[in-house]
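S.K.: structural data only, the sequence is not supplied:
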């Protein structure tokens with residue numbers, strides 16, 4: 001009887017050891033499944049870019065059609081037509097912004113397409129490095145001219161319910177070459193006819209073209 005009891009104890013211990021092994025294996029399988037499970041991410045779709053080549057260097061601008069589709073489509077229309085080649089930054093104010101895209105070096109104004117709706121309520125804030133549409137006192141008068149902020153210009157942002165502060169539609173941001181934009185903003189300026197803050201040595205826009213790979 002004593003021998004039988006000893007045998008039963010040994011069998012019980014073996015069963016217990018056997019039952020522990022599957023749990024550890026199950027744990028390893030579980031870990032494996034967790035490591036292979038797809039991660040949940042909030043990736044932002046790549047935004048289109050343009051390369052701006054000037055006589056003082058080049059820079060890249062990332063546009064935001066997800067926020068301002070009409071403005072970006074309008075801008076690309078001029079880009080694809082080669083409209084900006086040969087235009088200048090005709091209004092430059094250090095510590096404020098650089099404006100261009102409407103005049104050649106002789107200050108002749110180019111013919112443009114119809115004006116577009118002002119998307120300032122949906123656009124970016126007018127922070128340092130953002131590109132925005134220039135316009136007249138008419139809220140919906142933007143065509144081809146644009147400006148790049150060289151400082152945070154909050155007073156250019158849209159203020160809901162205030163027609164006088166409807167704002168200027170910022171539709172992208174400089175992501176490479178901001179030093180070039182800063183260099184342009186610091187050139188010597190003067191008057192040219194009725195125009196003020198005109199670079200004494202023209203800053204020519206040689207071309208603006210789409211960047212094929214927005215990740216570069």
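M.R.: Noted; the coordinates are in hand. The structure displayed is predicted, hence computed values, not measured ones.
S.K.: only C-alpha atoms for contact and neighbour calcs from this point on.
M.R.: OK.
S.K.: and for residue 129, the neighbour number?
M.R.: By the criterion of other Cα atoms under 10 Å, residue 129 has 23 neighbours.
S.K.: for the closest residue to residue 146 other than its chain neighbours, what are its contacts?
M.R.: Using Cα to Cα, 6 or more residues apart in numbering and skipping residues adjacent in sequence, the residue nearest residue 146 is residue 133, 4.4 Å away. Contacts here follow Cα atoms under 8 Å, 6 or more residues apart in numbering; on that basis residue 133 touches 142, 143, 144, 145, 146, 147, 168, 169, 170, 171.
S.K.: which of the helices or strands spans the spatially most central residue of the chain?
M.R.: By Cα atoms, centre = their mean, the chain has its centre lying nearest to residue 62, at 3.8 Å. Per DSSP states H and E: residue 62 is located in strand 57-63.
S.K.: and that strand, what does it pack onto?
M.R.: strand 49-54, strand 170-176, helix 178-185 (3 or more Cα pairs under 8 Å, 6 or more residues apart in numbering; DSSP states H and E).
S.K.: what stretches of this protein score poorly on pLDDT?
M.R.: Applying pLDDT under 70 to the chain flags the ranges 1-45, 214-216.
S.K.: circling back to that earlier point, tell me how far the strand holding residue 62 lies from the chain's centre.
M.R.: Mean C-alpha position of strand 57-63 versus that of the full chain (Cα atoms, centre = their mean, to the nearest Å) differs by 10 Å.
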